[in-house]
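In: the sequence and its predicted three-dimensional model are supplied below.
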Amino acid sequence: MEDIKRTPVPVPEKRTPWEILKSYLNLYFVDAMSAMAQGLFASLLIGTIISTLGTQLDVPLLTEIGDFAKSMAGPAMAVAIGYALKAPPLVLFSLAAVGSASNTLGGEGGPLAVLVLAIIAAELGKLVSKKTPVDILVTPLVTILSGSLLAYVLAPPIGSAAAAVGQLIMWATDLQPFLMGIFVSVLVGVALTLPISSAAICAALGLTGLAGGAAVAGCCAQMIGFAVISFRENRWGGLVAQGLGTSMLQVPNIIKNPRIWIAPTLASAITGPLATCVFRLEMNGAPVSSGMGTCGLVGQIGVVDGWINDVAKGLRPAVTPMDWIGLVLLCFVLPAVLAWVIDLGLRKLGWVKDGDMKLDV
């Protein structure tokens, strides 16, 4: 009797507990946070830009449209998080209510409450999705009720804790502007380049004031710094992609040669304390703008919006030429010059070579 040839059954690849944990951490703290930042951009940030234009151009319609967009920050963040978690349609759409409840009840730390509770509600909704004949009722019911009821219990303390951390950072920056200027600028700038969301971190902590200004300086140092020092490899396309887009494009090259990261990071360590001690640059616009740098010029628009609001509230007499000089120097000129000079030294040492920062764009 001839042997029957059987197709071998593929054995599922076993993953270690650490690999499983790492995949969940990546999903919740990288993918979900990055998506949350996009939700913030598509609501609060763009709304702030539109309403600021409306105020400055005296077009009430634009101001009203901008206010509509800003009011949708909670739902936009939650839906974006659900999208990153690959939530089924009924779960995804139901997260809008969860985001609204979490952001409202979370107060100043609303974005962090949205992140935590949208993840929980999405996962609970996915557990029951398409498991019953009346899915159209059960799935939204479970998602909305679980997320909203948890929001009543958890959103206020989560929001308070996030706000307290943000207040602590801002208080420490006011108390020790030099050291905290370096600390905030470098850390937020590094977060911007890494595949995590600096914008979401600043929004979750409500980072404004001098600390927000240091964060803006750090982010600009990374984006403008990489755009300038990689110009010989990437030309104008790379300059725009990194300078107005994101320095995250350099992550694959950083993995190959971490030394290319030295110049922008040292530049941020210099511009941070200059922002806090010399130019007293404050971000009093939307906190999320603190972590955006020159991406779409959102960081600069946030600073200007803060100036306008402060003048309207009588907190400052006017926007001075020195304010504008400081903004231009810290966000564009100094990051370009400092990163270029430091990178030049690294190239002479042989630590950085031509082609090390080439982008596939």
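Out: On my side now, so go ahead. Treat the numbers as computed from the prediction; the structure is a model and nothing was measured.
In: how about stretch 157-170: buried residues?
Out: Within stretch 157-170, the residues scored as buried using 16 or more other C-beta atoms under 10 Å are 158-159, 162-163, 165-167, 169-170. Every C-beta, even on glycine, is put in place using the N, C-alpha and C of the backbone.
In: how about that stretch as CSV, C-alpha atoms only?
Out: Coordinates of each C-alpha in stretch 157-170 appear next as CSV, following Å, rounded to 0.1, in the frame of the first residue of the first chain:
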residue,chain,number,x,y,z
PRO,A,157,-9.1,60.9,38.8
ILE,A,158,-7.2,60.1,35.5
GLY,A,159,-7.7,63.7,34.4
SER,A,160,-6.7,65.1,37.8
ALA,A,161,-3.5,62.9,37.9
ALA,A,162,-2.5,64.0,34.3
ALA,A,163,-3.2,67.6,35.1
ALA,A,164,-1.2,67.3,38.4
VAL,A,165,1.8,65.9,36.5
GLY,A,166,1.6,68.7,33.9
GLN,A,167,1.3,71.3,36.6
LEU,A,168,4.3,69.9,38.4
ILE,A,169,6.4,70.0,35.2
MET,A,170,5.2,73.6,34.5
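In: does residue 14 lie in a helix or a strand, and which?
Out: Assignment of secondary structure by DSSP states H and E places residue 14 within no helix or strand.
In: next one: residue 272
Out: helix 262-273.
In: so what's the model's average confidence on that helix?
Out: Here helix 262-273 scores 96 as its mean pLDDT.
In: next structured bit after it?
Out: Counting by DSSP H and E, what follows helix 262-273 is helix 298-312.
In: ok, and what's touching that next one?
Out: Applying C-beta atoms under 8 Å, 6 or more residues apart in numbering, the contact partners of helix 298-312 are 41, 45, 48-49, 52, 55-56, 208, 213, 216, 219-220, 281-286, 288-290, 292-294, 316-319, 323, 327, 331.
In: ok, back up a step: between the buried residues of stretch 157-170, which sits nearest residue 264?
Out: residue 169 (21.8 Å; C-beta to C-beta).
In: quick one on the thing from earlier: buried among the contacts of helix 298-312? Make that a PyMOL selection.
Out: In PyMOL, this line selects whichever of the contacts of helix 298-312 come out buried by 16+ other C-beta under 10 Å:
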select buried, resi 41+45+48+49+52+55+208+213+216+219+220+281+282+283+284+285+286+288+289+290+292+293+294+316+323+327+331
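In: quick one: name whatever helix or strand follows the helix ranked longest in the chain.
Out: Identified as the longest helix of the chain according to DSSP state H is helix 135-175. Sequence order places helix 177-193 as the next helix or strand after helix 135-175, per DSSP H and E.
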